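Student: here is a sequence together with a model predicted from it:
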Amino acid sequence: MKKERIYPLCHAIFWLWNCTFLLVVYGLILPTIGVFLIGAVLNGEIETQFLVISRWV
């Protein structure tokens with residue numbers, strides 16, 4: 001393949017991977033464990049360093 005075709009292909013694969021990762025994390029994982037994680041932090045069961053938004057808690 002020529003470079004003119006490889007660069008856009010690599011660019012597309014890179015952004016497709018990033019978008020898929022963000023969709024899985026923010027669409028599936030965070031809603032599943034996010035509520036329990038915040039509740040555990042507020043109850044003192046888990047330290048605030050494990051919460052991503054720990055500076056606001």
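Tutor: In hand now; what should we look at? Residues are numbered from 1 along each chain as shown.
Student: in the protein, where is pLDDT below threshold?
Tutor: 1, 52-57 (pLDDT under 70).
Student: centre-most residue in the protein?
Tutor: Centroid check for the chain by Cα atoms, centre = their mean gives Val25 as the closest residue, at 4.1 Å.
Student: what about that residue, distance to Lys3?
Tutor: 33 Å (Cβ to Cβ, to the nearest Å). To be clear about C-beta, it is placed using only N, CA and C from the backbone, and glycine gets the same treatment.
Student: could you do Ile29 as well?
Tutor: Applying Cβ to Cβ to Ile29 and Lys3 gives a distance of 37 Å.
Student: more neighbours, these two?
Tutor: Taking neighbours as other Cβ atoms under 10 Å, Ile29 and Lys3 compare with Ile29 leading, 10 against 7.
Student: and the next element down the chain from the longest helix seen in the chain?
Tutor: The helix that spans the most residues within the chain, counting by DSSP state H, is helix 3-24. Remark: after helix 3-24, the chain's next helix or strand is helix 30-43, criterion DSSP states H and E.
Student: got the buried residues for that next one?
Tutor: 37, 41 (16 or more other Cβ atoms under 10 Å).
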